[in-house]
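> Got a predicted structure plus its sequence, pasted below:
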Amino acid sequence: MILFDHFTTDPAFNLALEEYFLLHRRPLGDVFMLWQNEPTVVIGRYQNAFDEINSEYVEAAGVHLVRRNSGGGAVYHDLGNLNYSFLIDDGASEFHFERFTVPVIRTLQQLGIQAENSGRNDIIIAGRKISGNAQYRRDGRLLHHGTILFDANLENLAKALNYAPEKYVTRAVASIRSRVTNVCEHLPRNMTMAEFRRLLAQNVIADYGLRHGALRDDERNEVCKLSDEKYRNREWNYGQSPPSWTHVAAQKFPWGTVDLRLEVRDGAILACALYGDFFSSGEPRTLASHFVGQLFDRQTLDNTLQESEIARVFPDMTKHQLLAMIFPAPTE
């Protein structure tokens, strides 16, 4: 495995570099990256950017907005946050996070901090989140990446990720944002980010036997091209401006939040979009396309949708659960 410890803080370049190591570099090989971004909101692949950020603050403060390949929720990066990425060959189909959080937890324990995995993809200290993790699979390759709040500006984090539930039309649920803390608040002695970064690299080296690597000029040119064409592209980062959704159904499940939006006119579904912080090996747009042209009617959708189509996108969701989310039972 190659250790790529670099100091570029351009978020578009850094996410392009991840993708390059995952899918494009030849020969493909295992890579571990340590990297940081200047102030940035990074949203999950399936999230609606317009709902995840405080646009007024983000634009006024010059905070970047970049969409990543993996699912999961929105996160805030600044130079007080350290990011790490594993890019490996892995033919599995399920998402498992604990394997890659071990070096982070061990590093914190060496510093006298009791940290542990929590929920589906977080690391916590004393019940408060310091790390969120996400994964993306493609063509037998796995990207696992995570954040570590070391000395981030938590006030700016809260401003950038300010959630506006009034953007929903009906029956929405707000994203549940964990309480967060910085690693530096729990250290028994003062420590710099550079010292922490070196210690984490040493622990990963002990586990994986890393050797240092660097980009060739031709590889850097390819990464720059990818960052310009994809990760600086507004359509990739924000998506197209959403229509005026007339029906919104959202629900939080143990494996993530699903937000389904429909444009309905004269009883027919004209458009459908699926958003959320879930992880998926399928393509939500394919499932969404099966709604278009159908009557907005439970029995019609029950007859149209197939369990197998739903399972490709949401392995832990049944058709009954999806229909119950869209057509909830009336309450007295």
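All right, it came through fine. Numbers count the residues shown, from 1 in each chain.
> How are the helices of the protein distributed by residue range?
Ranges of helices within the chain are 11-19, 49-52, 55-61, 98-110, 154-160, 193-208, 217-226, 234-238, 284-289, 298-304, 307-313, 319-326, based on DSSP state H.
> between those, which one is nearest to Ala249?
Relative to Ala249, the nearest member of the helices of the chain by Cβ to Cβ is helix 319-326, separated by 4.7 Å. Where you see a C-beta, it was placed from the backbone N, CA and C, and this is true even at glycine.
> Can you work out which other helices and strands pack against that closest one?
strand 247-253, strand 256-265, helix 298-304, helix 307-313 (3 or more Cβ pairs under 8 Å, 6 or more residues apart in numbering; DSSP states H and E).
> For that helix, what is the distance to the chain centroid?
Remark: helix 319-326 is offset 24 Å from the chain centroid, using Cα atoms, centre = their mean, to the nearest Å.
> Buried ones in it, by neighbour count?
For helix 319-326, burial by neighbour count (16 or more other Cβ atoms under 10 Å) applies to Lys319, Leu322, Leu323, Met325, Ile326.
> now those residues in CSV, with pLDDT and distance to Tyr136?
As requested, these are arranged in CSV below (pLDDT from 0 to 100; distance: Cβ to Cβ, whole Å):
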residue, pLDDT, distance to Tyr136
Lys319, 96, 26
Leu322, 97, 23
Leu323, 96, 29
Met325, 96, 25
Ile326, 96, 27
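> in the stretch 1-150 of the chain, which spans are strands?
Per DSSP state E, counting those that start in this stretch, the stretch 1-150 of the chain carries strands over the ranges 2-5, 31-35, 40-43, 64-67, 75-77, 81-89, 115-118, 122-125, 128-138, 141-149.
> Let me know which of the ones you listed is the nearest to His96.
strand 128-138 (8.2 Å).
> Now do the closest one against strand 141-149, angle only.
Put simply, strand 128-138 runs at 160 degrees to strand 141-149, going by axes from the mean of the first three to the mean of the last three Cα atoms, to 10 degrees.
> Report the rounded mean pLDDT for strand 128-138.
For strand 128-138, mean pLDDT rounds to 95.
> what's stretch 279-288 in contact with?
Outside stretch 279-288, the residues that touch it by Cβ atoms under 8 Å, 6 or more residues apart in numbering are 46, 70-72, 93, 95, 134-135, 137, 255-256, 272-274, 309-310, 312-315.
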